[in-house]
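**Q** Generate coordinates for the sequence data below:
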Amino acid sequence: MKSFSPVANKVLMFYAKDEARQFGCNQILPEHIILSILNKKLGIAYQVFENLKLDVNDLIQEIMKFLGDKTEPTLDDIPFSGKYNSLLELAEIEANSLHNDYIGTEHLLLSMVRDSENVISAFFKKSNLTMMDVRFVVMDLQNQKKSSYNNKINMDLFDSKLLDSIFNDEKIFNTIEEKNSKEQRKQSSFLQKYCRDLTKNVHENKTYSVFCRDKEIQRIIQILSRKTKNNPVLTGEPGVGKTAVVEGLIQYIADGKAPSCLSKKRILSLDITALLAGTKFRGDFEERMKKMLDEIYADKNIILFIDEIHTIIGSGLNGSDGSMNAANILKPALSRSEIQIIGATTTQEYTKYIEKDAAFERRFQVVKIEEPSEEKSVEILQGIKSQYEQYHDVKYDDDVIKAIVKLSKRYIRDKALPDKAIDILDEVGASKKILEEKINYELNEIKENINKLVCEKDELVE
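**A** Alright, predicted model coming up:
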């Protein structure tokens, strides 16, 4: 069993017993524990009620109604009820899931909410709050407490001599800068490990070529510029170019076409597979997500791009052991506009997974990416053909481009434009390259045979 926090220890050893004595009860119930926390406004548990804007007096009245009228207080030592051990077991489970090395008032509260057979659990259900809602608030309050504590420690480390040295000794100043730089690199490790910086490609002259999608890009920019619900999700059939539209947005930002509020934004693509890999034990995935989100909170210029965003809702990442999936971890940050996300998924997967999770869906604005017409598809292929010409060392005539689009539209039914036309463009280039190499090989063989025959003829003549 983990050790109790000082506040939780006082609640269990003294305050809960005092409440039980006041009511003349012969055993300490979970209701006595929470009543002592509420009456004395103790710990993170009490802060949860404040953050959720719950009427504490209502719960106190319900608990008192459940306990009945106060009788003559007893001075006898009161034992805990039979539920005490199971309550502590659940509290320890909650502490483990939150990666805490102690049991505090917040874990006691979570264990009571988790147990459906008490007044506290019924109160939260009546308030339309789930176990997950309460846990998210606890996580948020714990993070705030850690941040406040770390800031205090950092300030305590500065003494007057060091402050004087900073202004008088250039070497010490440079050393501090080097330490800060190392710390920043350390802090960004999770983003570097599980995300790919798409904006970096533009700065390295790897420009994205996107054509005929200005309308969709402008809509995404408008959504990202909103104060709330500023998270676009791109939906459309496979192959219509959802990811290409995001790449077009990055090019817009790099070219200075985006508004000033987006001019410094970096778009990072989340690698779900890497994030999930190796998460054998309960809580491993949640810990990675939390640490990655902490880094995003620290850098307000990051926009997270999640391709196949439906995979984070009940598909692959939903823990059968009761652990949280990625969508549930992201909900609080999205609701507080602390993080911006661009998602992409097919229309079918959006309906199947995201629409069913109303709390997650309402944080997003849908941008439909329709299949382009044949005319626009021809324009798109005309725009990107130079990349394939350079790679395959071939030339595509305008008539060939039109034929590729027309034939792919007519005969390929399981894919959408422009993807199926681009596939044919690539296939044709590869076939032409292979055919030329084969012809060159055969010509070389013929030349060798001719030279061999010429040599044999010369020998015979001699």
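
**Q** Show the contacting residues for the closest residue in space to Leu110 that isn't next to it in sequence.
**A** Spatially, and ignoring its direct neighbours in sequence, Leu110 is nearest to Glu94 (4.2 Å; C-beta to C-beta, 6 or more residues apart in numbering). (C-beta placed from N, C-alpha, C; glycine too.) Glu94 is in contact with 106-107, 110-111, 114, 135, counting by C-beta atoms under 8 Å, 6 or more residues apart in numbering.

**Q** okay, among those residues, which ones form the most distant pair?
**A** Pairwise distances across the contacts of Glu94 (C-beta to C-beta) peak at 12.5 Å, for the pair Glu106 and Arg114.

**Q** who's more crowded, the two?
**A** Neighbour totals were compared for Glu106 and Arg114, and Glu106 leads with 30 against 19 (other C-beta atoms under 10 Å).

**Q** coming back round to it: gap between the residue nearest to Leu110 and Asn57?
**A** Going from Glu94 to Asn57 by C-beta to C-beta, to the nearest Å gives 26 Å.

**Q** repeat for Gly241
**A** Gly241 sits 57 Å away from Asn57, going by C-beta to C-beta.

**Q** Same question for Glu355.
**A** Distance, Glu355 to Asn57, using C-beta to C-beta: 39 Å.

**Q** Those two: which has the busier surroundings?
**A** Set side by side, Glu355 and Asn57 show more neighbours around Glu355, with 12 against 9, by other C-beta under 10 Å.

**Q** Now that one: closest residue in space that isn't a chain neighbour?
**A** Glu355 sits nearest to Glu361 (C-beta to C-beta, 6+ apart), 5.8 Å away.

**Q** can you check Ile37 too?
**A** Per C-beta to C-beta, 6+ apart, closest to Ile37 is Ala45, 5.0 Å.

**Q** show me what contacts that neighbour?
**A** Here Ala45 is in contact with 34, 37, 104-106, 108-109 (criterion: C-beta under 8 Å, 6+ apart).

**Q** Helix or strand for it, just tell me which one.
**A** Using DSSP states H and E, Ala45 falls within helix 43-51.

**Q** do the same with Gln192
**A** Residue-wise, Gln192 maps onto helix 189-194 under DSSP H and E.

**Q** what mean pLDDT does the helix or strand just after that helix have?
**A** Toward the C-terminus, helix 189-194 is succeeded by strand 195-197 as the next helix or strand (DSSP H and E). The pLDDT scores in strand 195-197 average 90.

**Q** what do you get for stretch 36-44?
**A** 91.

**Q** And the contacts of that stretch?
**A** The set of residues external to stretch 36-44 that reach it, using C-beta under 8 Å, 6+ apart, is 5, 7-8, 10-11, 15-16, 18-19, 45-46, 49, 56, 59-60, 104-106, 108-109, 138, 141-142, 145.

**Q** Pull out the buried positions in that stretch.
**A** 36-38, 42-44 (16 or more other C-beta atoms under 10 Å).

**Q** Could you report the neighbour count for the nearest residue to Lys406 once chain neighbours are set aside?
**A** In space, and not counting its chain neighbours, Lys406 is closest to Glu374: 6.6 Å by C-beta to C-beta, 6+ apart. Counted with other C-beta under 10 Å, the neighbours of Glu374 add up to 15.

**Q** Off-centre distance for stretch 371-386?
**A** A distance of 33 Å separates the centroid of the chain from that of stretch 371-386, by C-alpha atoms, centre = their mean, to the nearest Å.

**Q** what do you get for stretch 81-99?
**A** That offset, for stretch 81-99, works out to 29 Å (C-alpha atoms, centre = their mean).

**Q** residues of it that come out buried?
**A** Neighbour-count burial for stretch 81-99 [16+ other C-beta under 10 Å]: 81, 83-84, 87-88, 90-95, 97-98.

**Q** And stretch 111-121, by the same measure?
**A** Neighbour-count burial for stretch 111-121, with 16+ other C-beta under 10 Å as criterion, is recorded at 111-114, 118-121.

**Q** and the residue lying closest to Asp197 once chain neighbours are set aside, which of the three is it?
**A** In space, not counting the residues next to it along the chain, Asp197 is nearest to Leu268; the distance is 5.6 Å by C-beta to C-beta, 6+ apart. Assigned with DSSP: H, G, I helix; E, B strand; the rest coil, Leu268 falls in the strand class.

**Q** these two touch, right, Leu268 and Phe190?
**A** No - with contact defined as C-beta atoms under 8 Å, Leu268 does not reach Phe190; the gap is 11.1 Å.

**Q** sorry, back to before: pLDDT and secondary structure added to the buried residues of stretch 81-99, as CSV?
**A** Below are the buried residues of stretch 81-99 laid out as CSV (pLDDT from 0 to 100; DSSP: H, G, I helix; E, B strand; the rest coil):
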residue, pLDDT, secondary structure
Ser81, 81, coil
Lys83, 80, helix
Tyr84, 76, helix
Leu87, 85, helix
Leu88, 85, helix
Leu90, 86, helix
Ala91, 87, helix
Glu92, 86, helix
Ile93, 84, helix
Glu94, 85, helix
Ala95, 86, helix
Ser97, 78, helix
Leu98, 81, coil
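
**Q** now those residues as CSV including distance to Ser386?
**A** What follows is the buried residues of stretch 81-99, written out as CSV (distance: C-beta to C-beta, whole Å):
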residue, distance to Ser386
Ser81, 77
Lys83, 73
Tyr84, 74
Leu87, 69
Leu88, 69
Leu90, 63
Ala91, 64
Glu92, 63
Ile93, 59
Glu94, 58
Ala95, 59
Ser97, 54
Leu98, 54
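
**Q** Tell me who's in contact with the most centrally placed residue in the chain.
**A** Per C-alpha atoms, centre = their mean, the C-alpha nearest to the average position across the chain is that of Leu330, at 5.9 Å. Counting by C-beta under 8 Å, 6+ apart, Leu330 makes contact with 289, 293, 312, 339, 341, 360.

**Q** repeat for Asp18
**A** Ser36.

**Q** ok, back up a step: from the contacts of Glu94, pick the one nearest Lys438.
**A** Arg135 (64.1 Å).

**Q** Could you list the low-pLDDT ranges of this protein?
**A** Along the chain, the model assigns pLDDT under 70 to residues 1, 69-77, 146-188, 203-209, 280-282, 314-324, 462.
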